[in-house]
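**Student:** structure, please.
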Amino acid sequence: MDFDPLERFAEVERLVSKIYYRFSHLFFPHDQLREFWWGMAGEEEQHAAILLACRALIENYDDEKLDPAVTEEAAERLRIRLAGYLTKGTPTLTIDEAFKIAVEIETSEIDAIYGKLLRLGGPKIAQTMQNLGVPASVQRQRLKSALRRFCSDVELVAAAERL
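**Tutor:** Predicted coordinates:
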């Protein structure tokens, strides 16, 4: 089976979504935290849908050129790392631990690869697809704000400022 970068990285985005949905359930009794994680999960689902929509738009392109960073190995490395988060005992995670995982995810190469994949269809398609979802920069700002509000780990809050 040929490597389909848009399909594989849509899977990666769905894994991130699953992690955030799990966090929303973990912090269910805390309304604001639950809503924050639920929103983050929904945005990751949007990213997956956008990649698949991009795939449909550029399916018949003959001159599709991938960035060398967008590889099957990169997709598999991210998938394994994200699956590892899902296998952790989330009921025992603290608020700070959940945010630490989110910072690790959001500072990984996922966003860079996502942007590169959107650009495959050219600037007009990339702009249209970006307009359909929540931009990664807005999502990072939301994460930083939530970290400042809910985290007690000073180092983690400082790390978030570099997002």
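
**Student:** could you pull out the strands for this protein?
**Tutor:** In the chain, no strands are found when defined by DSSP state E.

**Student:** just give me the longest helix of it.
**Tutor:** helix 31-58 (DSSP state H).

**Student:** and the helices in the chain?
**Tutor:** Counting by DSSP H, the helices of the chain are 5-26, 31-58, 72-87, 95-106, 110-119, 123-132, 136-150, 154-161.

**Student:** any chance of the ones you listed in a markdown table, plus mean pLDDT?
**Tutor:** Formatted as a markdown table, those follow (pLDDT from 0 to 100):
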| stretch | mean pLDDT |
| --- | --- |
| helix 5-26 | 91 |
| helix 31-58 | 89 |
| helix 72-87 | 87 |
| helix 95-106 | 90 |
| helix 110-119 | 76 |
| helix 123-132 | 70 |
| helix 136-150 | 87 |
| helix 154-161 | 84 |
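
**Student:** as a markdown table, these with mean neighbour count would be great.
**Tutor:** All C-beta atoms are positioned from the backbone trio N, CA, C, and that covers glycine. Shown next, in a markdown table, are those (neighbours: other C-beta atoms under 10 Å):
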| stretch | mean neighbour count |
| --- | --- |
| helix 5-26 | 21 |
| helix 31-58 | 18 |
| helix 72-87 | 14 |
| helix 95-106 | 20 |
| helix 110-119 | 19 |
| helix 123-132 | 14 |
| helix 136-150 | 15 |
| helix 154-161 | 14 |
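
**Student:** okay, Y21 and F28: tell me how far apart.
**Tutor:** For Y21, the distance to F28 equals 11 Å [C-beta to C-beta, to the nearest Å].

**Student:** same question for L163.
**Tutor:** Separation of L163 from F28 (C-beta to C-beta) stands at 26 Å.

**Student:** what of S152?
**Tutor:** Relative to F28, and taking C-beta to C-beta, S152 is found at 20 Å.

**Student:** check T94 too.
**Tutor:** 15 Å.

**Student:** same deal with T107?
**Tutor:** 27 Å.

**Student:** what sits closest to D111 if chain neighbours are left out?
**Tutor:** Among residues not flanking D111 along the chain, A136 sits closest, at 4.6 Å (C-beta to C-beta, 6 or more residues apart in numbering).

**Student:** does the one you found touch G115 like I think?
**Tutor:** Yes. A136 is in contact with G115 according to C-beta atoms under 8 Å; the separation is 7.5 Å.
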